[in-house]
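Novice: fold the following, please.
(2 chains)
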Amino acid sequence: MASHLFCGRVNLNILREAARKDLREFLDKCSGSKAIVWDEYLTGPFGLIAQYSLLKEHEVEKMFTLKAGRIPSAAVKNIVFFVRPRLELMDIIAENVASEDKLQPRDVHILFVPRRSLLCEQRLKEKGVLNSFTNIDEYILDLIPYDGDLLSMESESSFRECYLENDQTSLYHAAKGLMNLQALYGTIPQIFGKGECARHVANMMLRMKREFAGSQTQILPVFDTLLLLDRNVDLLTPLATQLTYEGLIDEIFGITNGYVKLPPEKFAQKKQGEGGKELPTEPKKLQLNSAEELYAEIRDKNFNAVGAALSKKAKIISAAFEERHNAKTVGEIKQFVSQLPHMQAARSSLANHTSIAELIKDITTSEDFFDSLTVEQEFMTGVDTDKVSTYIEDCIAQKDPLIKILRLVCMQSVCNNGLKQKVLDYYKKEILQTYGYKHILTLKNLEKVGLLKPQSTMRNNYPTIRKTLKLWMEDANEQNPNDISYVYSGYAPLSVRLTQVLARPGWRSIEEVLKMLPGPHFEERQQVPTGLHKKRQPGENRTTLVFFLGGVTYAEIAALRFLSNMEDSGTEYIIAATKLINGTSWIKSLMDSPEENLP
Amino acid sequence: MAFVTANWNPLGDAFYRKIELYEMGWNLKDGLRDCLVAAAPYGGPIALLKAHNRCSPSARPQLEIFSSSGLPLASFPWKSGVVKQLGWTVSDDLLCVQEDGTVLVYDLLGGFKRHFSMGNEVSQSQVLETKIFHSPYGTGVAILTGALRFTLATNIDDIKLRRLPEVPGLQGAPSCWAVLTQDRQSKVLVANGSHLFVLDNTACTPVTPPGLSPQASSIVHMCVSFSYKYLALLTDSGHVWMGTSNLKEKLSEVDTKIKAPPKQMAWCRRPKSQQPSAVVMWDGLLLVVGECKETIQYHLDDDSILVPELDGVRIISGTHHELLQEVPGACEEIFKIASMAPGALLLEAHKEYEKESQKADEYLREIKEQSLLSEAVRQCVEAAGHEHEPETQKTLLRAASFGKCFLSNFPPEQFVSMCRDLRVLNAVRDYTVGIPLSHTQFKQMTIQVLIDRLVYRKLYPLAIEVCRYLKTPEYQGVSRVLKYWACYKPYCMPSCMLVYTVVMYLKNELNRGDFFMMLRNQPVALSLYKQFCKHQEQDTLKDLFNQDDDHEELGNFYVKASYKEQRLEARIAHLQSAVDEYYKAKNEFSAKTTEDEMRLLRFQRKLEEEKGEQLVGFSLHDTMTTLLSVGLHKHAEQLYKDFRVPDKRFWWLRLKALAEKEDWEELEKFSKSKKSPIGYLPFVEVCIKHHNKYEARKYVSKVTLEQKVKAHLAVGDVEGAAEAAIERRNESEIGTVLSRCSATTDHLLVERLNRAKATVAKK
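Specialist: Residues are numbered from 1 along each chain as shown, chains lettered A, B, ... in the order given. Next up, the predicted model:
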């Protein structure tokens, strides 16, 4: 069921099992048949923890989406609401509960995810329904195991909350999640961090540790180091177009909760004799994780290296099928047959990814994509970042998708450490005239979080940062990479460079650059109970948990995986984030008027 | 129970007792020797600073803060200047007065709060001596400077420095001095040899204590009582003179027979006591003097300090913490040996009752016969309040409860509130909390202040428990604690729901003005509340921005509001408000942009009315596109001018609109109207997009050299592209053309291209 969680260096399935156990316990509290009413937002994250089969085993017979009005009829003994602690949801629940049939009372329960909230309960009380609930409980779901080396809080708006709205709830949950993680995997002896939010999370962790001083875990530490990174330390990386296979899937189609929805045309079953059959209209939904052998192999490759990998795989698979002709003895045939399911799965996986790669290729070979990428790379290398870009101008004039424009303008601003007032005002005016004045609030938001800013009197320090951290590598090898810069075909993500330098030779070597980046950098140590100090075997790798506060991109994950797999790196990385993001979803989360024209 | 009087000592008509409060939890190497020590009254915290080592000024002493039980609260190396004096404010803040007259203020957990100066004169002539005092106006600081002048600040929270008049004939430091509070004014009483002067704002008045022993040639020590009502003077002849602090009345004079100068002297008088008494401390000896000739002597093992309290004196040494006080009346009545007071009899009766002896009845009858039973109960309850040991408290309360059974109409309030008070007192006296308050002090201090003190110590759960237990009104109790707690928490744990909870709670408790003021000082709470309002209470949000004069946010608020309006007039009205706010915020860009928006809306409406074209809500760009597509070129042109649309974009706009309409003739005219600011490649590309190769070709020749290849290829003219590329000798362009050559292409052309490529590559 969750084989993808076993394959990493750290067995993240322990975490998933703990979460499943809690869920079972809660479900058993509401004895008898039940229907779950879902806060729709939660279904994705829950899918990563438990499939419907688990719920069914615990007598969940119906599932509904939380909606105003009445709950659809269902002959069950219990109604269970799974909701986030949001006031607007409480109003809906109150309406649901109030319109329950008084003659056939059912037990009503509520499960808050990830935390109970007095404020919400107060609201239910005001609405006069609080006493209707048999159970009010919380389901602590902070860090969700997403893949063998990846944890996500799946908290959509955490960047917006932290940097725009000064609401640090998600940081609290991050700290809680890390405490929970330490309860299962041992105390993490070393904490490094960069940024205000990182400092905040570390402070909360240290404080929580003090408060629970009595209950020391007696577990041998699995992680050696925790690195907390603020997203606003590296605003550049998510703006750039990701060029890994997985990154491009996310950029073009969007991956949500580990699933991608693809246009169905390419995936039509071409069965003989049914040529004229009509094409499916429902999008094709595929789960993407490292349990799929082929995907694990190609997900982190630069897209330009994917074609070769796929054709190599195709040869191997067809060779494997050819084997049957060589199978002579009954034993050999038996062995071949036993491998058949595996081979068939591999073949369908190959077919799927060949189709996806074709879809992507249509886009990456287009002139638009090429032009846009060229401008991005010019910005990242510091070409003409202080002038109005003709390309952006033309894109606006042709009313290309607004988010594309915003990504590019923000990128130019970040690469120039702010734009000249005249340039900035020009862009803003162009955007407002073309896309509507309502976007003035969005532009203000981008300014508030620092993605757009007027140039201050201070020197543009981006070139220094770029040079010191080697953010641009001229001859990035896309086929057989020797540096993380392959994930953006030349640009090495700043966040991952910081991680790399921390492991070797240490941050002391880049003090100057660290000072140029926003927020404090720090180091904390946590006492590990005596007797639990790790005795490292010679040649044994260290394990570092890198936590991205405000989101991480697939390309950054790919870069970190590349570092883990490097022969002489000495460090393996497990990645955690508030959310998996890309430039588009990120900018979208900062917009104040919902934009219809998404790419 | 027999032991209750074991630590009693008689003095005149009264008894004095010394109770051990704590064995100190600290571990001090040299006790209190060579330390600056300050202990706050009402069982407050203790600050310690090892004396500065003048020989090695680089050595940094450690400033340590402890609870009254000696548990560490804070400790940090002292990095500032030389400290002359430590002291505590009425709100448990630590004052460190430096040699140069700078006063540093820390909270009791060692957090630096602020600093202030005692003025230029002080910093020039340096601090010689200083005293920190409390008055009804707050905490004050008095300084004697090197120039032998006094400077006074009566309230450190509202500093008004007062320099007092000169003391006539003062050659060196005065033998002793003290701060008095009289006639709503702080004054300094200073002794120069046998002369005494009172210094106030304007004058230096010589005074004489009535009936001071004639043997005295100098006053070596003085102290003022906790209430500022009484004054004690110690002379070089060893006499202690006690009287009122206005020096009008003498209460007593006692000869200590010790002529050595004392280390400290303090009043030891409880409210309503008839007997004045003071405690004088020398090395190894403590003396209690009252009205009679006799004195009580205590031996001291260790360096100690005296901390005057409302109803006694606390004695803190390196190892112990004790309270010395006159035995309260009720306790004396009950426990005095062979007492026949009703309370004593009731206690006895209850004891016998517990033993199931019929004597209980005899005692009870004796009290009842004199109709003194209610008096007896009252005595027991009161005495319980004054006892420190919970066991003794319980015995007395049980006796009182027992007595109450035989009274029909005895009001229960006193008994109930005493039980509650004692539970709270025992809780805060606990070693881990370390606030050794007596019941008298507690009543004087009030519960609110006690709650504050617990909050200062961040003992939030205890504070809430106390409030709940004492049923303190919420606005004084639980809400206040929660407020502090919430305000503290965000720094370490922004459990936003906790903050929300508190904020919502306070919102209902406080009036709007106070509530907003409270929020103003709490950025985290404020931003959370704003989030809440954004979703739930739009109007409150506006009020909040208004209060902060946050015009930028107010502008944004109106912009948002405008989009919720269906009626155009209302929308424009909101936008006008936004413009006003943006101007106030000096955000010209936003103001101008919003004005543009209003202008556009008006234009759109006008045109809708005139031409019936659906326009309102479109962006400027889309409006122009629509106008062009329906042939309203003039109007589009007007917008282009009015809104200063850049030429480039306007050209793009017209190009695309005309192509959309497939009005090729108009397009050609347009292309010739003047030189295109966007070049002619877009013309080619747009035509091709609309599948009109014929029209596209018209523009190929006009394209600049750099774009020629692209243009030819766009119209599918490989030969033309080849010519252009070869002419430009551009390798990558030649490559591009080659890649577009197919099997059907003339092979001669391919050869030419290859040759050209080779030539270019050679160079």
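
Novice: grab the longest helix from the chain for me.
Specialist: With no chain named, the answer covers chain A. helix A:330-364 (DSSP state H).

Novice: I was thinking of chain B, sorry if that wasn't clear
Specialist: In chain B, with assignment by DSSP H, the single longest helix is helix B:588-611.

Novice: re the thing from before, any part of the helix or strand following the longest helix of chain A near chain B?
Specialist: Next helix or strand after helix A:330-364 toward the C-terminus (DSSP states H and E): helix A:367-380. No. Figure legend: helix A:367-380 not in contact with chain B (Cβ under 8 Å from any Cβ of the partner chain); closest approach 9.3 Å. Quick note: C-beta positions are derived from backbone N, CA and C, even for glycine.

Novice: helices or strands up against the helix or strand just after helix A:367-380?
Specialist: Later in the chain than helix A:367-380, the nearest helix or strand by DSSP H and E is helix A:390-397. Helix A:390-397 is packed against helix A:367-380, helix A:402-415, helix A:421-435, helix B:647-661, with contacts defined by 3 or more Cβ pairs under 8 Å, 6 or more residues apart in numbering or on different chains; DSSP states H and E.

Novice: CA atoms only: put helix A:390-397 into PDB for me.
Specialist: The C-alpha trace of helix A:390-397 is given here as PDB (Å, rounded to 0.1, in the frame of the first residue of the first chain):
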ATOM      1  CA  THR A 390      10.900  44.100 -24.500                       C
ATOM      2  CA  TYR A 391       9.900  40.500 -24.100                       C
ATOM      3  CA  ILE A 392       7.800  41.200 -21.000                       C
ATOM      4  CA  GLU A 393       6.300  44.200 -22.800                       C
ATOM      5  CA  ASP A 394       5.300  42.200 -25.800                       C
ATOM      6  CA  CYS A 395       3.800  39.500 -23.600                       C
ATOM      7  CA  ILE A 396       1.700  42.000 -21.800                       C
ATOM      8  CA  ALA A 397       0.700  43.600 -25.100                       C
END
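
Novice: now it against helix A:402-415, angle please.
Specialist: 150 degrees (axes from the mean of the first three to the mean of the last three Cα atoms, to 10 degrees).

Novice: near chain A, which residues of the stretch 551-700 of chain B show up?
Specialist: B:556, B:559-560, B:563, B:589-590, B:593-594, B:596-597, B:600, B:618-622, B:643, B:645-646, B:648-649, B:652-653, B:656, B:678.

Novice: neighbours around B:Y353, how many?
Specialist: 18 (other Cβ atoms under 10 Å in any protein chain shown).

Novice: list the buried ones in stretch B:163-178?
Specialist: B:L164, B:P165, B:V167, B:L170, B:P174, B:S175, B:C176, B:W177, B:A178 (16 or more other Cβ atoms under 10 Å in any protein chain shown).

Novice: contact partners of it?
Specialist: The contact list for stretch B:163-178 (Cβ atoms under 8 Å, 6 or more residues apart in numbering or on different chains) reads B:119, B:121, B:128-129, B:131, B:144, B:148-152, B:188-193, B:195, B:197, B:199-204, B:218-224, B:231.

Novice: before we move on, back to that, nearest to B:N27, of the helices and strands packed on helix A:390-397?
Specialist: Judged by Cβ to Cβ, the one of the helices and strands packed on helix A:390-397 that comes nearest to B:N27 is helix A:402-415, at 55.5 Å.

Novice: from the chain's centre, how far out does that closest one sit?
Specialist: 21 Å (Cα atoms, centre = their mean, to the nearest Å).

Novice: what angle do helix A:367-380 and that helix make with each other?
Specialist: Going by the same axes, to 10 degrees, helix A:402-415 makes 20 degrees with helix A:367-380.

Novice: can you tell if helix A:402-415 touches chain B?
Specialist: No. Helix A:402-415 is not in contact with chain B by Cβ under 8 Å from any Cβ; minimum separation 10.4 Å.

Novice: before we move on, the earlier item: list buried residues within the contacts of stretch B:163-178.
Specialist: Using 16+ other Cβ under 10 Å, the buried ones in the contacts of stretch B:163-178 are B:119, B:128-129, B:131, B:144, B:148-152, B:188-193, B:195, B:197, B:199-200, B:204, B:219-224, B:231.

Novice: which of those residues fall within helices?
Specialist: Among these, none falls in helices (DSSP H).

Novice: mind putting the buried residues of stretch B:163-178 in a markdown table, secondary structure and pLDDT included?
Specialist: Output for the buried residues of stretch B:163-178, formatted as a markdown table (DSSP: H, G, I helix; E, B strand; the rest coil; pLDDT from 0 to 100):
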| residue | secondary structure | pLDDT |
| --- | --- | --- |
| B:L164 | coil | 92 |
| B:P165 | coil | 92 |
| B:V167 | coil | 89 |
| B:L170 | coil | 85 |
| B:P174 | coil | 91 |
| B:S175 | coil | 90 |
| B:C176 | strand | 93 |
| B:W177 | strand | 94 |
| B:A178 | strand | 94 |
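
Novice: now the residues you listed as TSV including distance to A:K404?
Specialist: Output for those, formatted as TSV (distance: Cβ to Cβ, whole Å):
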residue	distance to A:K404
B:L164	76
B:P165	80
B:V167	83
B:L170	84
B:P174	82
B:S175	86
B:C176	83
B:W177	79
B:A178	79
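
Novice: between those residues, which is nearest B:I367?
Specialist: For the buried residues of stretch B:163-178, the nearest to B:I367 is B:A178 (47.7 Å; Cβ to Cβ).

Novice: can you tell me how far the closest one sits from chain A?
Specialist: The gap separating B:A178 from chain A is 45 Å, by Cβ to the nearest Cβ, to the nearest Å.

Novice: which residues does that residue form beta bridges with?
Specialist: Counting by DSSP bridges, B:A178 is bridged to B:L189.

Novice: what's next to the least confident helix or strand in chain A by mean pLDDT, contact-wise?
Specialist: Of all helical and strand segments in chain A, the minimum by mean pLDDT, DSSP states H and E falls on helix A:118-126, at a mean of 83. Residues from elsewhere that reach helix A:118-126 (Cβ under 8 Å, 6+ apart): A:85-87, A:89-91, A:93-94, A:112, A:130, A:133, A:136, B:497, B:500-501, B:504.

Novice: can you name the element that comes right after that helix?
Specialist: Counting by DSSP H and E, the element that comes right after helix A:118-126 along the chain is strand A:133-138.
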